[in-house]
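A.B. asks: Here's my sequence, what's the structure:
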Amino acid sequence: MGNSIIKVEDLSASYRKNTVLEDISFEVEPGSLTAIVGPNGAGKSTLMKTMLDLHPLLTGNVTYFGLPFQKAKKRIGYVPQRGSVDWDFPTDALDVVTMGLYGKIGWLKRPSKKHRELAFEALKKMGMEDYANRQISQLSGGQQQRVFLARALVQQADLYFMDEPLAGVDAATERAIMATLKELNEIGKTVLVVHHDLQTVMDYFDHVLFLNRTIISHGKTNEIFTKENIAQTYGGNMRLIGGEFQHVVSTSE
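C.D. replies: Down below sits the predicted model:
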(Lines give C-alpha, C1' and ligand atoms only; values in the text may rest on other atoms or scores of the structure.)
Protein backbone atom coordinates (compact mmCIF):
# COMPACT_ATOMS: atom_id res chain seq x y z
CA MET A 1 0.00 0.00 0.00
CA GLY A 2 2.19 2.82 -1.25
CA ASN A 3 -0.01 5.77 -0.31
CA SER A 4 -0.79 4.74 3.29
CA ILE A 5 -1.40 7.54 5.78
CA ILE A 6 -0.61 5.32 8.79
CA LYS A 7 1.94 2.53 8.92
CA VAL A 8 2.14 0.29 11.99
CA GLU A 9 4.97 -2.27 12.10
CA ASP A 10 5.42 -5.10 14.63
CA LEU A 11 3.75 -3.20 17.47
CA SER A 12 3.37 -4.85 20.86
CA ALA A 13 2.28 -3.42 24.21
CA SER A 14 1.64 -4.63 27.75
CA TYR A 15 -0.17 -3.77 30.98
CA ARG A 16 1.50 -4.79 34.26
CA LYS A 17 3.85 -7.17 32.45
CA ASN A 18 0.96 -8.88 30.63
CA THR A 19 1.23 -8.57 26.86
CA VAL A 20 -2.08 -7.20 25.53
CA LEU A 21 -1.02 -6.49 21.94
CA GLU A 22 1.35 -8.59 19.91
CA ASP A 23 2.75 -8.45 16.39
CA ILE A 24 0.44 -5.67 15.16
CA SER A 25 1.19 -4.57 11.60
CA PHE A 26 -1.18 -2.74 9.25
CA GLU A 27 -1.51 0.29 7.02
CA VAL A 28 -4.40 2.73 6.61
CA GLU A 29 -5.45 4.32 3.34
CA PRO A 30 -6.08 8.09 3.25
CA GLY A 31 -9.75 9.01 3.17
CA SER A 32 -10.91 5.75 4.79
CA LEU A 33 -13.42 5.34 7.63
CA THR A 34 -12.27 2.33 9.65
CA ALA A 35 -13.94 0.47 12.52
CA ILE A 36 -11.67 -1.29 15.02
CA VAL A 37 -13.73 -4.16 16.43
CA GLY A 38 -13.11 -7.02 18.83
CA PRO A 39 -14.29 -8.49 22.14
CA ASN A 40 -13.80 -6.86 25.53
CA GLY A 41 -10.14 -7.07 26.49
CA ALA A 42 -9.00 -7.40 22.88
CA GLY A 43 -6.77 -4.32 23.20
CA LYS A 44 -8.75 -1.90 21.00
CA SER A 45 -8.32 1.18 23.21
CA THR A 46 -4.75 0.17 24.07
CA LEU A 47 -3.92 0.01 20.38
CA MET A 48 -5.24 3.51 19.84
CA LYS A 49 -3.44 4.91 22.90
CA THR A 50 -0.18 3.19 21.97
CA MET A 51 -0.33 4.57 18.44
CA LEU A 52 -0.83 8.07 19.91
CA ASP A 53 2.07 7.86 22.40
CA LEU A 54 -0.38 7.74 25.32
CA HIS A 55 0.76 4.23 26.28
CA PRO A 56 4.28 2.85 25.92
CA LEU A 57 4.99 0.33 23.21
CA LEU A 58 7.23 -2.65 23.87
CA THR A 59 8.29 -3.09 20.27
CA GLY A 60 7.46 -1.70 16.88
CA ASN A 61 7.11 1.53 15.02
CA VAL A 62 4.24 3.81 13.99
CA THR A 63 4.43 6.56 11.36
CA TYR A 64 1.90 9.10 10.09
CA PHE A 65 2.35 10.71 6.69
CA GLY A 66 5.81 9.10 6.78
CA LEU A 67 6.66 10.86 10.06
CA PRO A 68 6.83 9.84 13.75
CA PHE A 69 3.87 10.90 15.90
CA GLN A 70 5.62 13.87 17.53
CA LYS A 71 6.26 15.45 14.14
CA ALA A 72 2.77 14.71 12.80
CA LYS A 73 0.59 15.28 15.89
CA LYS A 74 -0.73 18.69 14.78
CA ARG A 75 -2.46 16.88 11.92
CA ILE A 76 -4.11 14.35 14.26
CA GLY A 77 -7.29 14.72 16.33
CA TYR A 78 -8.30 12.39 19.18
CA VAL A 79 -11.58 11.77 21.00
CA PRO A 80 -10.98 9.57 24.08
CA GLN A 81 -13.53 7.34 25.77
CA ARG A 82 -16.06 9.47 27.61
CA GLY A 83 -15.50 7.45 30.79
CA SER A 84 -11.82 8.44 30.89
CA VAL A 85 -12.58 12.18 31.17
CA ASP A 86 -13.02 14.15 34.41
CA TRP A 87 -16.39 15.73 33.63
CA ASP A 88 -16.48 17.51 37.02
CA PHE A 89 -13.68 19.83 35.92
CA PRO A 90 -15.18 23.35 36.21
CA THR A 91 -15.38 24.54 32.63
CA ASP A 92 -18.08 25.16 30.06
CA ALA A 93 -18.68 23.54 26.68
CA LEU A 94 -17.19 26.43 24.67
CA ASP A 95 -13.96 26.32 26.69
CA VAL A 96 -13.66 22.56 26.16
CA VAL A 97 -13.93 23.01 22.39
CA THR A 98 -11.51 25.95 22.44
CA MET A 99 -8.93 23.65 24.07
CA GLY A 100 -8.80 21.84 20.74
CA LEU A 101 -7.09 24.93 19.30
CA TYR A 102 -4.31 25.18 21.87
CA GLY A 103 -1.92 23.37 19.56
CA LYS A 104 -2.22 26.36 17.24
CA ILE A 105 -2.71 29.07 19.88
CA GLY A 106 0.00 27.92 22.28
CA TRP A 107 -0.76 26.90 25.87
CA LEU A 108 0.48 30.17 27.39
CA LYS A 109 -1.55 32.45 25.13
CA ARG A 110 -5.18 33.45 25.54
CA PRO A 111 -7.64 32.45 22.80
CA SER A 112 -8.65 35.36 20.57
CA LYS A 113 -12.20 36.28 19.57
CA LYS A 114 -11.58 34.48 16.27
CA HIS A 115 -10.56 31.29 18.09
CA ARG A 116 -13.74 31.35 20.19
CA GLU A 117 -15.81 31.96 17.06
CA LEU A 118 -14.26 28.86 15.48
CA ALA A 119 -15.05 26.88 18.63
CA PHE A 120 -18.65 28.11 18.60
CA GLU A 121 -19.05 27.10 14.94
CA ALA A 122 -17.83 23.60 15.80
CA LEU A 123 -20.39 23.42 18.62
CA LYS A 124 -23.05 24.61 16.20
CA LYS A 125 -22.10 21.86 13.74
CA MET A 126 -22.83 19.33 16.47
CA GLY A 127 -26.13 21.01 17.42
CA MET A 128 -24.72 22.18 20.76
CA GLU A 129 -24.61 25.97 20.31
CA ASP A 130 -27.35 26.51 22.91
CA TYR A 131 -25.15 24.79 25.50
CA ALA A 132 -21.97 26.81 24.87
CA ASN A 133 -21.99 28.35 28.36
CA ARG A 134 -23.24 25.25 30.18
CA GLN A 135 -20.88 23.48 32.57
CA ILE A 136 -19.86 20.16 31.03
CA SER A 137 -20.81 18.34 34.25
CA GLN A 138 -24.42 19.43 33.66
CA LEU A 139 -24.62 17.88 30.19
CA SER A 140 -25.98 14.43 29.41
CA GLY A 141 -23.63 11.71 28.18
CA GLY A 142 -24.68 12.23 24.58
CA GLN A 143 -24.23 16.00 24.87
CA GLN A 144 -20.77 15.55 26.37
CA GLN A 145 -19.82 13.30 23.48
CA ARG A 146 -20.99 15.91 20.97
CA VAL A 147 -18.86 18.55 22.74
CA PHE A 148 -15.81 16.31 22.56
CA LEU A 149 -16.38 15.66 18.89
CA ALA A 150 -16.68 19.42 18.34
CA ARG A 151 -13.32 19.84 20.09
CA ALA A 152 -11.77 17.38 17.62
CA LEU A 153 -13.44 19.06 14.64
CA VAL A 154 -12.13 22.51 15.52
CA GLN A 155 -8.58 21.18 15.19
CA GLN A 156 -9.21 20.74 11.44
CA ALA A 157 -7.00 17.65 11.49
CA ASP A 158 -6.29 15.35 8.56
CA LEU A 159 -6.57 12.20 10.67
CA TYR A 160 -8.97 11.44 13.54
CA PHE A 161 -8.88 8.75 16.22
CA MET A 162 -12.13 8.15 18.14
CA ASP A 163 -12.40 5.70 21.02
CA GLU A 164 -15.99 4.40 21.25
CA PRO A 165 -17.71 7.70 20.33
CA LEU A 166 -21.08 5.91 20.00
CA ALA A 167 -20.98 4.09 23.35
CA GLY A 168 -23.94 4.93 25.56
CA VAL A 169 -25.37 7.72 23.41
CA ASP A 170 -28.97 8.10 22.29
CA ALA A 171 -30.09 7.36 18.74
CA ALA A 172 -30.18 11.05 17.72
CA THR A 173 -26.61 11.61 18.93
CA GLU A 174 -25.44 8.46 17.15
CA ARG A 175 -26.94 9.71 13.89
CA ALA A 176 -25.39 13.16 14.38
CA ILE A 177 -21.94 11.72 15.10
CA MET A 178 -22.01 9.33 12.15
CA ALA A 179 -23.24 12.08 9.80
CA THR A 180 -20.26 14.17 10.91
CA LEU A 181 -17.80 11.31 10.45
CA LYS A 182 -19.13 10.63 6.97
CA GLU A 183 -18.82 14.32 6.09
CA LEU A 184 -15.18 14.24 7.22
CA ASN A 185 -14.70 11.12 5.13
CA GLU A 186 -16.23 12.75 2.06
CA ILE A 187 -13.79 15.68 2.18
CA GLY A 188 -10.83 13.31 2.34
CA LYS A 189 -10.20 13.05 6.07
CA THR A 190 -9.15 9.70 7.53
CA VAL A 191 -11.01 8.38 10.58
CA LEU A 192 -10.35 5.37 12.87
CA VAL A 193 -13.09 4.44 15.33
CA VAL A 194 -13.07 1.90 18.15
CA HIS A 195 -16.55 0.45 17.71
CA HIS A 196 -18.56 -2.08 19.70
CA ASP A 197 -21.72 -2.69 17.65
CA LEU A 198 -21.23 -5.33 14.96
CA GLN A 199 -24.73 -4.72 13.58
CA THR A 200 -23.83 -1.26 12.26
CA VAL A 201 -20.34 -1.94 10.86
CA MET A 202 -21.56 -2.59 7.32
CA ASP A 203 -23.67 0.57 7.27
CA TYR A 204 -21.20 2.91 8.93
CA PHE A 205 -17.66 1.97 7.83
CA ASP A 206 -15.87 1.31 4.55
CA HIS A 207 -12.96 -0.50 6.26
CA VAL A 208 -12.80 -2.75 9.31
CA LEU A 209 -9.95 -4.02 11.47
CA PHE A 210 -10.67 -7.20 13.45
CA LEU A 211 -8.54 -7.26 16.61
CA ASN A 212 -8.09 -9.76 19.42
CA ARG A 213 -4.66 -9.03 20.90
CA THR A 214 -3.34 -9.39 17.36
CA ILE A 215 -4.88 -8.55 14.01
CA ILE A 216 -7.28 -11.19 12.73
CA SER A 217 -8.09 -9.37 9.49
CA HIS A 218 -8.04 -5.85 8.06
CA GLY A 219 -9.44 -4.51 4.82
CA LYS A 220 -12.53 -3.28 3.00
CA THR A 221 -15.71 -3.99 4.92
CA ASN A 222 -17.54 -5.48 1.95
CA GLU A 223 -14.71 -7.98 1.49
CA ILE A 224 -13.73 -9.09 5.00
CA PHE A 225 -16.78 -8.52 7.21
CA THR A 226 -17.61 -12.23 7.15
CA LYS A 227 -18.99 -14.67 9.71
CA GLU A 228 -15.65 -16.50 9.58
CA ASN A 229 -13.65 -13.41 10.60
CA ILE A 230 -16.24 -12.49 13.21
CA ALA A 231 -16.13 -16.00 14.70
CA GLN A 232 -12.33 -16.05 14.69
CA THR A 233 -12.18 -12.65 16.39
CA TYR A 234 -14.86 -13.22 19.02
CA GLY A 235 -14.44 -16.98 19.49
CA GLY A 236 -17.01 -19.68 18.80
CA ASN A 237 -19.85 -19.18 16.36
CA MET A 238 -21.37 -15.74 15.86
CA ARG A 239 -24.66 -15.62 13.97
CA LEU A 240 -27.17 -12.93 13.14
CA ILE A 241 -30.28 -13.79 15.18
CA GLY A 242 -33.25 -11.45 15.26
CA GLY A 243 -31.15 -8.62 13.89
CA GLU A 244 -28.38 -9.06 16.49
CA PHE A 245 -25.06 -10.90 16.42
CA GLN A 246 -25.06 -13.52 19.15
CA HIS A 247 -22.82 -16.33 20.29
CA VAL A 248 -24.21 -19.72 19.30
CA VAL A 249 -23.20 -22.62 21.55
CA SER A 250 -22.87 -25.90 19.72
CA THR A 251 -24.41 -28.93 21.45
CA SER A 252 -22.35 -31.38 19.43
CA GLU A 253 -18.94 -32.55 20.58
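
A.B. asks: can you count the residues close to residue 203?
C.D. replies: 8 (other CB atoms under 10 Å). For the C-beta atoms, the positions are set from N, CA and C on the backbone; glycine is no exception.

A.B. asks: Return the distance of it relative to residue 149.
C.D. replies: 19 Å (CB to CB, to the nearest Å).

A.B. asks: go on, residue 35?
C.D. replies: For residue 35, the distance to residue 149 - CB to CB - is 16 Å.

A.B. asks: quick one: contacts of the helix or strand residue 209 falls within?
C.D. replies: Element membership for residue 209 (DSSP states H and E) is strand 207-212. Strand 207-212 is contacted by residues 26, 28-29, 32-39, 42-44, 47, 201, 215-221, 224-225, 229-230, 232-235 when judged by CB atoms under 8 Å, 6 or more residues apart in numbering.

A.B. asks: Flag the shaky bits of the chain, pLDDT-wise.
C.D. replies: Along the chain, segments meeting pLDDT under 70 span 1-2, 84-87, 102-109, 236-253.

A.B. asks: does the residue nearest the centre of it count as helix, strand or coil?
C.D. replies: Nearest to the mean C-alpha position of the chain, by CA atoms, centre = their mean, lies residue 162 at 1.8 Å. Under the three-state scheme (DSSP: H, G, I helix; E, B strand; the rest coil), residue 162 adopts strand.

A.B. asks: Please look at residue 58 and residue 10 and confirm they touch.
C.D. replies: No: contact criterion CB atoms under 8 Å: residue 58 and residue 10 do not qualify, at 9.9 Å.

A.B. asks: quick check: longest helix of the chain.
C.D. replies: Using DSSP state H to define each element, the chain has its longest helix at helix 171-186.

A.B. asks: what's that one packed up against?
C.D. replies: Helices and strands touching helix 171-186, as assessed by 3 or more CB pairs under 8 Å, 6 or more residues apart in numbering; DSSP states H and E, comprise strand 33-37, helix 141-154, strand 159-163, strand 190-194.

A.B. asks: Nearest to residue 81 among the ones you listed would be which one?
C.D. replies: Closest of the helices and strands packed on helix 171-186 to residue 81 is strand 159-163, at 4.7 Å (criterion: CB to CB).

A.B. asks: Now do the buried residues in that closest one.
C.D. replies: Neighbour-count burial for strand 159-163, counted by 16 or more other CB atoms under 10 Å, picks out 159-163.

A.B. asks: And stretch 169-180, by the same measure?
C.D. replies: Buried residues in stretch 169-180 (16+ other CB under 10 Å): 169, 173-174, 176-178, 180.

A.B. asks: Just list the residues touching the closest residue in space to residue 15 that isn't next to it in sequence, thanks.
C.D. replies: Distances taken as CB to CB, 6 or more residues apart in numbering put residue 46 closest to residue 15, at 7.2 Å, once the chain neighbours are dropped. Going by CB under 8 Å, 6+ apart, residue 46 touches 13, 15, 20-21, 55.
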